[in-house]
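In: 3D, please:
(one chain, ligands or ions: 1)
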Amino acid sequence: MRSTIRSRLDDILTRYRLGEDIAAILVDFHAEASSEKMALGHFADGRVSAVFGTHSHVPTADAQILPGGTAYISDAGMCGDYDSVIGMKKEIAVQRFIKKMPGERLAPAEGEGTLCAAVVETDDRTGLAKSVRPLRLGGRLPPTA
Ligand SMILES: [Fe+2]
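Out: The predicted structure is shown next:
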């Protein structure tokens, strides 16, 4: 976790206190490494309602409430066509990897999209998470219940 992110989050959470000044705080951590996302989740645990990772485009199976009461998921997934390479037309993306050259410009895949999300319920008094669950609707990925 980069120190600038840590100190910036500390600054913000000093000004806005969960359950006192503000009803809920969601941190969308747009990052590559799941280790970095997990570290930030534990760093913020008990001070924010939820830490949701984004960027990988692939929903992870680790939705949970951390010990301090913060909902967490390493990646909520994307809203897009999963018959693709992270939402882009697979033919173009595959050729880029095979040829190791930029080639044709990437374009969004146009099949039926899957909506991926995480749903969190917070406690009205504390702002901490009462429940968290992944949500997947439509498209190619199996739907959540
Ligand atoms: Fe991204």
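In: quick one: what helix or strand has the residue nearest the centre of the chain in it?
Out: Nearest residue to the geometric centre of the chain (C-alpha atoms, centre = their mean): G53, 2.8 Å. Using DSSP states H and E, G53 sits within strand 50-54.
In: Give me the phi and psi for the most far-flung residue of the chain relative to its centre.
Out: Largest separation from the mean C-alpha position in the chain: K99, at 31.1 Å (C-alpha atoms, centre = their mean). With angles defined as degrees, to the nearest 10, K99 sits at phi -80, psi -20.
In: That one: what's it in contact with?
Out: By C-beta atoms under 8 Å, 6 or more residues apart in numbering, K99 lies in contact with nothing. C-beta: built from backbone N, CA, C; applies to glycine.
In: can you tell me how far it sits from I92?
Out: Using C-beta to C-beta, to the nearest Å, K99 is found at 11 Å from I92.
In: And stretch 101-110, what's buried?
Out: A109 (16 or more other C-beta atoms under 10 Å).
In: Run through who's touching that stretch.
Out: Contact partners of stretch 101-110, identified using C-beta under 8 Å, 6+ apart, comprise G80, D81, D83, S84, G87, M88, K89, K90, I92, A93, Q95, R96.
In: Alright, calling it a day.
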